[in-house]
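Peer 1: just need the structure, nothing else, for what follows:
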Amino acid sequence: MIWNALDDLLTRLRPHREALVLACDAVVVAICWHITYLFRLGFERWHSARPGYDAWVMLALVALYAAVFLLLRVPKGMWRFSGFGEVQRLTLACGIAGLIGATGVLMAQLVEVPRAVLALHPVVTLMGLAMLRIGYRMVYEHLRSRLNGRDLDHRRALVMGAGDAARLLIAGIQHQGWRVVGLLDDDPARLGSRVGNVPVLGPLDSAGRWALRHDITHLIVAMPSATPAERRRALDLASATRLPVVTVPSAAELREGRTLTSVRDIEPEDLLGREPVQLDEGGISEALSGKVVLITGAGGSIGSELCRQVARYGPRRLVLYELSEFALYRIEQELGEQFAHVPLVRLVGDVRDAEHLRETFTRLRPQLVFHAAAYKHVPLMEDDNAFSALRNNLLGTFRAAQAACEAGAERFVLISTDKAVNPTNVMGATKRAAEMVVSRLAAQVADNGGHTRCMAVRFGNVLGSSGSVIPKFKEQIARGGPVTVTHPDITRFFMTIPEAARLVVQAAAIGEGGQVFVLDMGEPVRIVDLARDLIRMSGHTPEQIPIAYSGLRPGEKLYEELLADADATLPTRFERLRIARLDDQRSDDVQALIDWAAARSTAPDDEVRARLARVVSEYRPGGR
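Peer 2: Numbering: from 1, shown residues only. Purely as a prediction, here's the structure:
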């Protein structure tokens, strides 16, 4: 308990540190004046042989030393970090003060003050000041070792936000190796108050000052109800301290069952600073509740999140269609734990296998089909795998959509990408051709009196999905860098995985045949800025974790688009969700490409690109 009490005392004294340092140094100067007399005159005469005005000389010297210390900013030094640099500053200060003091005494003709005392006093004072700082550092390091010895994860934190979230957080993490030293809040009414016996020290923009004063190791952003822009400002202020930054779950995460008694690392979605799209929960529930829903690519990044989102609305049966046995097992286990009431059908299947698809759809009769199975990694699909991308992304889409139409499904939703707009790579061109397939089938169904509504949903890069830059950046930061970015000017649109999945289910609820839904995702984000943010939030500097530029990869653009120039857009009743009506006049060319891909098992990359270019007129292989 004595070490905790000492730690509490030091925490309370830190706001007054500079005044206390100056007072302690003044006392040391006075004591060293007496020690110097003792050294010069001995025990018998050190007090009796002094002149009557010696006390006034000592007080004048103390004031002089204090003035020089203030001028040289000695009180601003951090004793717990004292080293050779601090000793150098003290030597200069004592030398200047000693020289001025000796000169003043001599000019005042105070001849009874021993000259040896004037000469030795600065040296003795320097030794006393240095010993005081070294002693404090030894005690402080012993204090930290004793506290950390009891709790190896002991961390000193400032919490940004002083509301109910902060109160619950303090109660939950104080016994998890955290010590909350203070709170910061921009509300003037809260300044000086206490939350959970922790003081509110100042506004958010004072984080750097308080972090230095209180030996803070982490910043915690506890503002779950703040807007994304407000959270982003708090994160920027926290990261400016160059300390690790963590946060409490957001409001959306709290609705999903997370608690305020834990913290997590900063995720890229915290940095977007964009209001989430407000969707029609009632309409989505009506479209999904009690229905048989089939999801292809169910174990992928988007497919698995679609499974979670759909399961929330209580479908009658959820069919997981996935080629990867491991991915299927993983999502099946997760859904079984979180949504035990939802019946699952788990199928290992390939969307290029027409017979298996037809048998599955005929037997299970899905009413909604979400087609998330795709090859999406641009560089991998560009060289040596172009034909695989064509068969999976185009032929797989055609066969899945055809099976859905033949089985009388109500809706078929293709997951597309912004790389399908004016594509410069094979992956983007195959997804654009897949959109054309959906548009063609929608028209055919309407002409034949069918009821299946075929549509597509197009969005930008999904934060944290497999193959995205974010997991790669995190791994590189954990290894100590460098973080590799292809080009300093490259930009991308970003959205979160849950946001993308909710957009898809919303499209299924309101979509008509032949439509492509797009999300207004605000301004594009520079990849290098995202990398710098992640480096700063991890508590590192650009010097510690450098950024290296590797050059654009094959088929990669500097920027992506969500709507091609020829696309006409229409608003929906959701503010930032729009519809692109595409002018797809090459249905015969698309069918010919499908037939060509179905008739063979391999083809040269150049021939694949040439055939895609004949179907997708805006495709520019290798363009920028």
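Peer 1: tell me where the stretch 251-400 of the chain has helices.
Peer 2: 251-255, 281-288, 301-312, 325-338, 354-364, 378-382, 386-390, 396-406 (DSSP state H, counting those that start in this stretch).
Peer 1: ok, and for the fifth one, which residues are buried?
Peer 2: The reference is to helix 354-364. Neighbour counts over helix 354-364 (16 or more other Cβ atoms under 10 Å) mark 354, 356-357, 360-361, 364 as buried. Bear in mind the C-beta positions are built from the backbone N, C-alpha and C, glycine included.
Peer 1: can I get the helices of the stretch 251-400 of the chain in TSV including mean pLDDT and distance to residue 136?
Peer 2: Output for the helices of the stretch 251-400 of the chain, formatted as TSV (pLDDT from 0 to 100; distance: least, Cβ to Cβ, whole Å):
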stretch	mean pLDDT	distance to residue 136
helix 251-255	58	43
helix 281-288	81	59
helix 301-312	89	53
helix 325-338	93	53
helix 354-364	95	74
helix 378-382	88	56
helix 386-390	94	65
helix 396-406	94	69
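Peer 1: so for residue 230, which of these sits nearest?
Peer 2: helix 251-255 (11.9 Å; Cβ to Cβ).
Peer 1: check the offset of stretch 502-516 from the chain's centre.
Peer 2: Offset of stretch 502-516 from its chain centre (Cα atoms, centre = their mean, to the nearest Å): 30 Å.
Peer 1: start at 893, not 1
Peer 2: Got it, first residue is 893 now, which makes that one stretch 1394-1408.
Peer 1: quote the end-to-end distance of it.
Peer 2: Counting by Cα to Cα, to the nearest Å, you get 15 Å between the two ends of stretch 1394-1408.
Peer 1: go through that stretch and flag the buried ones.
Peer 2: Residues 1394-1403, 1405-1408 are the ones in stretch 1394-1408 that count as buried (16+ other Cβ under 10 Å).
Peer 1: same question, stretch 1197-1215
Peer 2: Those would be 1197-1205, 1207, 1209-1215, for stretch 1197-1215 by 16+ other Cβ under 10 Å.
Peer 1: same check, this time on stretch 1017-1027
Peer 2: 1017-1018, 1020-1022, 1024-1025.
Peer 1: which helices and strands sit right next to the strand or helix carrying residue 924?
Peer 2: Using DSSP states H and E, residue 924 sits within helix 909-937. Under the contact definition 3 or more Cβ pairs under 8 Å, 6 or more residues apart in numbering; DSSP states H and E, helix 909-937 sits against helix 946-963, helix 1007-1042.
Peer 1: Serialize those to JSON lines and add fields for mean pLDDT and distance to residue 1432.
Peer 2: Formatted as JSON lines, the helices and strands packed on helix 909-937 follow (pLDDT from 0 to 100; distance: least, Cβ to Cβ, whole Å):
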{"stretch": "helix 946-963", "mean pLDDT": "85", "distance to residue 1432": "35"}
{"stretch": "helix 1007-1042", "mean pLDDT": "76", "distance to residue 1432": "22"}
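Peer 1: residue 932: which of these is closest?
Peer 2: Among the helices and strands packed on helix 909-937, helix 1007-1042 comes nearest to residue 932, with 5.0 Å by Cβ to Cβ.
Peer 1: partner strands of the following helix or strand past the closest one and their direction?
Peer 2: Note on helix 1007-1042: by DSSP H and E, the next helix or strand toward the C-terminus is strand 1047-1052. Sheet pairing here is set by DSSP bridges, and for strand 1047-1052 it gives strand 1070-1076 (parallel), strand 1110-1113 (parallel).
Peer 1: contact partners for the residue nearest to residue 1107 when sequence neighbours are not counted?
Peer 2: Using Cβ to Cβ, 6 or more residues apart in numbering and skipping the chain neighbours, the partner closest in space to residue 1107 is residue 1048 (5.9 Å). Going by Cβ atoms under 8 Å, 6 or more residues apart in numbering, residue 1048 touches 1071, 1073, 1106-1110.
Peer 1: doesn't residue 1440 lie inside a helix?
Peer 2: No. Secondary structure of residue 1440 (DSSP: H, G, I helix; E, B strand; the rest coil): strand, not part of a helix.
Peer 1: how many neighbours does the residue lying closest to it once chain neighbours are set aside have?
Peer 2: Using Cβ to Cβ, 6+ apart and skipping residues adjacent in sequence, the residue nearest residue 1440 is residue 1374, 4.2 Å away. For residue 1374, the neighbour count with other Cβ atoms under 10 Å is 15.
Peer 1: cool, residue 999 as well?
Peer 2: 8.
Peer 1: before we move on, what about residue 1290?
Peer 2: By other Cβ under 10 Å, neighbour count at residue 1290 equals 26.
Peer 1: again with residue 1299
Peer 2: Neighbour count for residue 1299, taken as other Cβ under 10 Å: 20.
Peer 1: now do the contacts for it.
Peer 2: Contacts of residue 1299 (Cβ under 8 Å, 6+ apart): 1253-1254, 1257-1258.
Peer 1: what about it, distance to residue 1133?
Peer 2: Distance, residue 1299 to residue 1133, using Cβ to Cβ, to the nearest Å: 58 Å.
Peer 1: coming back round to it: make CSV from the helices and strands packed on helix 909-937 and add distance to residue 1315 to it.
Peer 2: What follows is the helices and strands packed on helix 909-937, written out as CSV (distance: least, Cβ to Cβ, whole Å):
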stretch, distance to residue 1315
helix 946-963, 67
helix 1007-1042, 55
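Peer 1: chain center to stretch 1321-1335, what's the gap?
Peer 2: Centre-to-centre, stretch 1321-1335 and its host chain are 35 Å apart (Cα atoms, centre = their mean).
Peer 1: got it, and stretch 1118-1129?
Peer 2: Offset of stretch 1118-1129 from its chain centre (Cα atoms, centre = their mean): 12 Å.
Peer 1: same deal with stretch 1253-1262?
Peer 2: The mean C-alpha position of stretch 1253-1262 is separated from the chain mean by 38 Å, Cα atoms, centre = their mean.
Peer 1: now do the domain split for this structure, please.
Peer 2: 894-1042, 1047-1158, 1175-1353+1389-1413+1455-1507 (automatic domain parsing).
Peer 1: so can I have CSV of the strands paired with strand 1047-1052 showing mean pLDDT?
Peer 2: Putting the strands paired with strand 1047-1052 into CSV (pLDDT from 0 to 100) gives the following:
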stretch, mean pLDDT
strand 1070-1076, 85
strand 1110-1113, 88
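Peer 1: now render those strands as CSV, adding mean neighbour count.
Peer 2: Compiled in CSV, these are given as follows (neighbours: other Cβ atoms under 10 Å):
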stretch, mean neighbour count
strand 1070-1076, 24
strand 1110-1113, 25
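Peer 1: from residue 1370, how far out is residue 1363?
Peer 2: Distance, residue 1363 to residue 1370, using Cβ to Cβ: 11 Å.
Peer 1: who has more neighbours, the two?
Peer 2: residue 1363 (14 against 10).
Peer 1: how far away is the spatially most central residue of the chain from residue 1373?
Peer 2: Taking Cα atoms, centre = their mean, the centroid of the chain lies closest to residue 1159, which sits 2.9 Å from it. Per Cβ to Cβ, residue 1159 is found 20 Å from residue 1373.
Peer 1: what's the answer for residue 1345, then?
Peer 2: Look at residue 1345 and residue 1373: by Cβ to Cβ, they are 49 Å apart.
Peer 1: ok, those two, which is more surrounded?
Peer 2: residue 1345 (21 against 17).
Peer 1: in this protein, which helix or strand is least confident?
Peer 2: helix 1143-1147 (a mean of 58; mean pLDDT, DSSP states H and E).
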